[in-house]
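# how would this look folded up:
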Amino acid sequence: GLSSHHSFVIGDLNFRTDFGELEHEEHVQKALDMIEKKEWEKLYSYDELERCMKEKKLLSGYETLPCHFNPTFKVQRESGFNYKTQRTPSYTDRILWKCADGLRDNLTPLAYEPCEDFFTSDHKPIRAAFSLVPNQVASQQRMVRGINKQLYTLTFKNMRCKNLTALDMDGFSDPFLVFVSDPPKFMHDGRSKKKQKKGVSVRLPHAHTTTFISKNLNPKWDEKMLLNLEPGWDLDTMLNITAMDYDAASQNDTIGTISLNVHKLVSMEKGIDKKEITIEQPLLKYGTEEGTIKMTVVVARFATKDLRRKSIQQQKSGIWGSLRKLGSLRKFGLSRSQD
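Numbers count the residues shown, from 1 in each chain. Below you'll find the predicted structure:
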């Protein structure tokens, strides 16, 4: 789901109504009493999925509307809601959604309800309606400022993780960070070749990595990651930062990932060309939190004219540097034409 701007989970998730330590008959009757009184909010408070999501045990980051209607399971194969007493009436059929960083305002839920007239199953289908602003429309709205016509540098520093999951037999992990943009075309590593080579080698195109820290579940990196975002970048670009466990003898393992909206990350008020922000988010893997990551990001913006001026200055510097070097050679009676 990292490459998806909006993702949905739909189907029979099989979570039940749980009243705790009650006999089956008491369980069923308690649910039926609430249904008869239409105490939807009270009944929903005993829903297993709602409780697990609040405790962040699964589907972290996903959202769903509350089920303020009849449970969809277990019903007779007829119109309406006539429940079979072999099971406690429950909200087993659900629709959840998750939006990428910075895109939540583009999606609005409008309706969420069961289809009570279907009778081909002991489940009632669930349906939802959403209002969605397409990325193309949102991008056109943002292009007025010409934000993607400029060069940006993103410097990540004070990078650290906390309470990472142990993936090695010794009860530790050997974490390192991987930075990958999606799409990767316009984002490049701004570090020197020497510093780039110090990072862990991974079989992933366009990946930028840090060094690994041995046997540590609360690592702190004494280094910086510098990424250059070139003019023309896609306004829907996402930056995925993954904490991984280094394994010298086998494949590296994923600990968890965060996804950052690049447009949101680099946006600055008019007249401001540099900002510093702190990011702290849970690392996610398969919908569960596997620790947290925190870092400082320094964002600097350069206009196209600044780039031209810088390029000219670099060219002049190169020319004068060559002339100075040539003058020094001649001073000692040497020149390029001499053996």
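
# Spit out the contact partners of His263.
The contact partners of His263, by CB atoms under 8 Å, 6 or more residues apart in numbering, come to Gly102, Arg142, Ile147, Asn148, Leu235, Asp236, Thr237. For every residue, glycine as well, the C-beta is placed using N, CA and C.

# To clarify, my last question referred to Ala300.
Ala300 neighbours (CB under 8 Å, 6+ apart): Tyr152, Thr153, Thr155, Asp273, Lys274.

# beta partners for the second one?
Spelled out, that is Thr153. Asn228, Ala300 (DSSP bridges).

# neighbours around it, how many?
For Thr153, the tally of surrounding residues (other CB atoms under 10 Å) stands at 16.

# Can you give me the distance of it to Val266?
Thr153 sits 10 Å away from Val266, going by CB to CB, to the nearest Å.

# Overlap of the contact sets of those two?
Listed as contacting both Thr153 and Val266 by CB under 8 Å, 6+ apart are Leu229, Val299.

# Surely Lys42 touches Ala31?
No. Contact criterion CB atoms under 8 Å: Lys42 and Ala31 do not qualify, at 10.5 Å.

# The two - which one has more neighbours?
Ala31 (22 against 10).

# about what we covered before: now the buried members of the contacts of Ala300.
Among the contacts of Ala300, those classed as buried by 16 or more other CB atoms under 10 Å are Tyr152, Thr153, Thr155.

# From what I see, the last one and Leu229 are in contact.
The one in question is Thr155. No. Thr155 lies out of contact with Leu229 (CB under 8 Å); the separation is 11.7 Å.

# C-alpha coordinates for stretch 181-199, PDB please?
Taking C-alpha atoms only, stretch 181-199 is exported to PDB below (Å, rounded to 0.1, in the frame of the first residue of the first chain):
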ATOM      1  CA  SER A 181      11.000   8.300  -3.500                       C
ATOM      2  CA  ASP A 182       8.000   7.200  -5.600                       C
ATOM      3  CA  PRO A 183       8.500   8.100  -8.500                       C
ATOM      4  CA  PRO A 184      12.300   8.200  -8.100                       C
ATOM      5  CA  LYS A 185      13.100  10.100 -11.300                       C
ATOM      6  CA  PHE A 186      13.800  13.600  -9.800                       C
ATOM      7  CA  MET A 187      15.200  12.800  -6.400                       C
ATOM      8  CA  HIS A 188      18.900  12.100  -6.100                       C
ATOM      9  CA  ASP A 189      21.500  11.500  -3.400                       C
ATOM     10  CA  GLY A 190      23.300  14.800  -2.600                       C
ATOM     11  CA  ARG A 191      26.000  13.200  -0.500                       C
ATOM     12  CA  SER A 192      29.600  12.700  -1.700                       C
ATOM     13  CA  LYS A 193      30.400   9.400  -3.300                       C
ATOM     14  CA  LYS A 194      32.500   8.500  -0.300                       C
ATOM     15  CA  LYS A 195      29.600   8.900   2.100                       C
ATOM     16  CA  GLN A 196      27.200   7.100  -0.200                       C
ATOM     17  CA  LYS A 197      29.500   4.100  -0.300                       C
ATOM     18  CA  LYS A 198      29.400   3.900   3.500                       C
ATOM     19  CA  GLY A 199      25.700   3.100   3.400                       C
END
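
# what does the model give Ser311 for pLDDT?
You'll see Ser311 listed with a pLDDT of 47.

# Now a PyMOL select for only the buried ones of the contacts of His263.
In PyMOL syntax, the buried subset of the contacts of His263 is picked out as below (16+ other CB under 10 Å):
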select buried, resi 102+147+148+235+236+237
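
# which one among the contacts of His263 gets closest to Val202?
Thr237 (20.2 Å; CB to CB).

# For the closest one, which non-adjacent residue is closest in space?
Leaving aside its chain neighbours, Thr237 sits nearest to Val262 (4.2 Å; criterion: CB to CB, 6 or more residues apart in numbering).

# cool, Ile279 as well?
Excluding the flanking residues, the one nearest Ile279 by CB to CB, 6+ apart is Met295, at 5.5 Å.

# Pull the contacting residues for the one you found.
Phe156, Lys157, Asn158, Met159, Arg160, Thr278, Ile279.
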